[in-house]
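[1] Below is the structure, and that's it, no one-letter string:
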Ligand SMILES: [Zn+2]
């Protein structure tokens, strides 16, 4: 099962108090509810492709309104041949729809879903859980990028959902994608916060495990790169110093150098791969790192002068 599937499955098992049951149902019905008529009867369908969610909707309706809804199954047309489950209520009274947060459209007189404001914090979270069950999706934390989204065809709804999420400082953003409006989170930390808000604690822990592992791997890579960069720096400096020493040896001979400079040149020549600290140790720590570095700078100046006073060394000449 995908991570999104597991997360939803977990959410369908969250136990709710009566107030939150209605809030969650309202979230699901706002996005996936559809009112239509059959034989002059009004019918409310709440649809989902996920059988665990269908079961959840069924039980929540049964508890909330003391009824036994019907469940209709159809195959989705076109590309994906997924099943779609519709939890169906015949002739729902206005009062039920109002409890779910629906209201009469002033122009058509038809009941349409709204996004009710819940006064209790527990209910506001349960509403978001409902929205996620209806329209949410989340990437496996191990995949290339963190991503959680809620998708709806109604632009106003998308803005409202985004506002609700951002009341919790989640930094949710919104884009239009084909015929849908997508509210999404990209930051791993914010996804974890959202999972916690809606009660997906197992999914949260799994997400965190992967995120911590990924973080550690990145840290190791950073250290390795850093180490390599430092090594390259050491080697780069040594290569330059060896070149300087070769020039001096060819143009004037190392014996012409002062004793301190000759000592530095010889120790580098003997230990081409050593870093400054190791060279100092080889010299019995009679000179500091900066002192030795200073000597190499002197040698470099001498080599430059030697090159300036005669034909510069080029490929083939050395
Ligand atoms: Zn509540």
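    Perfect, I can see it now. What you see is a predicted model; the values in this text were computed from it and never measured.
[2] I'd say residue 174 and residue 183 touch.
    Yes - judged on C-beta atoms under 8 Å, residue 174 makes contact with residue 183 at a distance of 5.2 Å. C-beta: built from backbone N, CA, C; applies to glycine.
[3] Pull up the overlap in contacts between the two.
    Common contact partners of residue 174 and residue 183 (C-beta atoms under 8 Å, 6 or more residues apart in numbering): 158, 162.
[4] Tell me which of the two has more neighbours.
    A count of neighbours by other C-beta atoms under 10 Å puts residue 183 above the other of residue 174 and residue 183, at 27 against 16.
[5] who are the neighbours in contact with the more buried one?
    So residue 183 contacts 149-152, 158, 161-162, 165, 172-174 (C-beta under 8 Å, 6+ apart).
[6] of all those, which two lie farthest apart?
    Within those, 152 and 173 form the most distant pair, 14.5 Å apart (C-beta to C-beta).
[7] who has more neighbours, those two?
    Using other C-beta under 10 Å as the criterion, residue 152 and residue 173 rank with residue 152 on top: 21 against 14.
[8] Against residue 204, how distant is that one?
    24 Å (C-beta to C-beta, to the nearest Å).
[9] With residue 30 instead?
    The gap separating residue 30 from residue 204 is 24 Å, by C-beta to C-beta.
[10] Residue 8 now?
    For residue 8, the distance to residue 204 (C-beta to C-beta) stands at 14 Å.
[11] Looking at residue 30 and residue 204, which one has more neighbours?
    Remark: of residue 30 and residue 204, residue 30 carries more neighbours, 27 against 20, as counted by other C-beta under 10 Å.
[12] what's the nearest residue to that one if we skip its chain neighbours?
    Computed as C-beta to C-beta, 6 or more residues apart in numbering, the closest residue to residue 30 that is not its neighbour in sequence is residue 113, at 4.3 Å.
[13] and the one you found, how many neighbours?
    Neighbours of residue 113 under the rule other C-beta under 10 Å: 20.
[14] can you give me the helices for this protein?
    Under the criterion DSSP state H, the chain contains helices at 3-11, 18-32, 51-65, 94-99, 121-135, 155-166, 188-198, 201-251, 259-270, 276-282, 289-308.
[15] ok, now which ones touch the spatially closest residue to residue 158 that is not a sequence neighbour?
    Here the nearest residue to residue 158 in space, its sequence neighbours aside, is residue 181; by C-beta to C-beta, 6+ apart that works out to 3.5 Å. Contact analysis of residue 181 by C-beta under 8 Å, 6+ apart lists 151-155, 157-159, 174-175.
[16] Now which of these would you call buried?
    Those of these that meet the buried threshold are 151-152, 154, 157-158, 174, by 16 or more other C-beta atoms under 10 Å.
[17] In those residues, find the pair that's most separated.
    Using C-beta to C-beta, these span at most 12.2 Å, a distance reached by 154 and 174.
[18] before we move on, the earlier item: between the buried ones among the contacts of residue 181, which is nearest residue 26?
    residue 157 (12.5 Å).
[19] so the closest one touches residue 30, yeah?
    Yes - applying C-beta under 8 Å, one finds residue 157 in contact with residue 30, separated by 6.9 Å.
[20] What does the residue in the stretch 151-300 of the chain that the ion sits nearest to show for phi and psi?
    Proximity to the ion, evaluated over the stretch 151-300 of the chain using C-beta to the ion, is greatest for residue 199 at 11.6 Å. When read as degrees, to the nearest 10, the backbone of residue 199 gives phi 90, psi 20.
[21] sorry, back to before: look up how far residue 33 lies from the residue nearest to residue 158.
    Look at residue 181 and residue 33: by C-beta to C-beta, they are 17 Å apart.
[22] which other helices and strands contact the lowest-mean-pLDDT helix or strand in the chain?
    Lowest mean confidence among the helices and strands of the chain (mean pLDDT, DSSP states H and E): helix 201-251, at a mean of 84. Secondary-structure packing of helix 201-251 (3 or more C-beta pairs under 8 Å, 6 or more residues apart in numbering; DSSP states H and E): helix 3-11, helix 188-198, helix 259-270, helix 289-308.
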